[in-house]
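**Q** with the sequence up front, the predicted model follows.
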Amino acid sequence: MLKNYFRTALKNLWRNKAYSLINIAGLSVGLACCILIFLYAKDELSYDRFHANSHSIYHLVSSFVSPDGKTDKFSSTGMMPGPSFKKQIPGIEDFVRIHNTHYTVKSGNEVFDQEAFFVDDNFFSVFSFPFVQGDSHNAFKDIHSVVLSEDLARKYFGKVAAVGHMLELKVNDTFRTFMVTGIVRNSPQNSSIKVKMLLPMKFYQSIEDDTHWLNFFLAKGRRQAVWVQGQGCLLASAFPGYAYQYRISCR
C-alpha cells in the first residue's frame with residue numbers, strides 16, 4: 001500500500017512540475033530559516049551561562065542623556081561605581097572591574113603588541129575560567145603578576161610550562177618585569193569576556209590616579225566595565241526599571 005502512495009505522489013509531482021518546485025523550494029527555505037533562527041537564538045541565550053555564578057552576575061550599563069533628551073547606553077563605566085555601589089546598595093555581594101588596554105610585550109628577543117585586561121583580585125571567584133597551570137587563589141598575590149590564556153602562553157613560551165617565567169611590559173616608556181603566575185583555558189566562543197592577558201587592578205591603581213565614575217575621556221579602544229554579583233530582587237529595588245529589563249519576579 002505504501003508503495004502505491006509513493007507512486008501516486010511522484011506522479012502528481014511530475015504532472016505539476018512548476019507547482020511542485022515552488023512548494024518544495026518554499027518549504028526548504030522556510031525550514032532553513034527556522035533552523036538558522038533557532039541556532040542563533042540558542043547561541044545568544046548561551047552567552048556567559050558557563051559561569052557557576054551566572055544567575056547572579058550582572059553587567060553595569062551607563063546611560064548618558066544629552067541636552068536634547070537623547071539617551072545613549074554604554075557598557076563602559078569607571079573605577080568608582082563598583083566599590084561605591086557595594087557599600088551603599090543592599091544585594092550587591094561583590095564587584096569586578098575590567099579595564100582593557102594595550103601593551104608592548106617583550107618575550108626574549110621578540111616584541112609583540114598585546115591587548116590586556118586589568119582585573120580585580122576576585123576575578124576568578126566571580127567568573128569561572130578554569131586554570132590549567134597555577135592557582136586562582138594566588139594568581140594576583142603580587143602586583144607584578146600576569147595570567148595568560150593557553151594560546152598566549154604557547155605564543156610566548158612554546159611548549160614550555162609558562163608559570164614562573166617572565167614577561168616584560170612597556171609601561172610609561174619603561175619595560176617592567178612581570179611573572180607568569182597562571183594559565184587559564186581559552187575562553188569559549190560564547191563568552192563576552194575573552195581572556196588573553198590578565199593583570200592585577202592594583203598595578204593599574206599604582207600608576208594611574210583614576211577616581212572617575214565614567215571614563216569616556218579615555219583614548220579610543222580603552223574602556224572599563226564593571227560586573228556586580230548579587231541578589232536580583234534586592235538589586236531591582238535599587239535600580240528602577242531593573243526588574244522589568246531582566247524579567248525578575250520578586251514575589
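**A** Thanks, I have the structure now.

**Q** please state the offset of stretch 46-60 from the chain centre?
**A** Stretch 46-60 sits 10 Å away from the centroid of its parent chain (Cα atoms, centre = their mean, to the nearest Å).

**Q** what's the average pLDDT for it?
**A** Averaging pLDDT along stretch 46-60 gives 85.

**Q** buried sites along it?
**A** For stretch 46-60, burial by neighbour count (16 or more other Cβ atoms under 10 Å) applies to Asp48, His51, Ser56, Ile57, Tyr58, Leu60. (Glycine included, C-beta is placed from N, CA and C.)

**Q** just those residues: which are in helices?
**A** Assigned to helices by DSSP state H, none of the buried residues of stretch 46-60 qualify.

**Q** which two in these are spaced the farthest apart?
**A** Within those, two members stand farthest from each other by Cβ to Cβ: His51 and Leu60, at 16.4 Å.

**Q** please tell me how far Gly26 sits from Ala18.
**A** Using Cβ to Cβ, to the nearest Å, we find Gly26 at a distance of 13 Å from Ala18.

**Q** those two: which is more packed in?
**A** Using other Cβ atoms under 10 Å, the more surrounded residue of Gly26 and Ala18 is Gly26, with 10 against 7.

**Q** hang on, that one is in a helix, isn't it?
**A** Yes. The assignment for Gly26 by DSSP: H, G, I helix; E, B strand; the rest coil puts it in a helix.

**Q** least trustworthy helix or strand in this protein by mean pLDDT?
**A** helix 242-245 (a mean of 38; mean pLDDT, DSSP states H and E).
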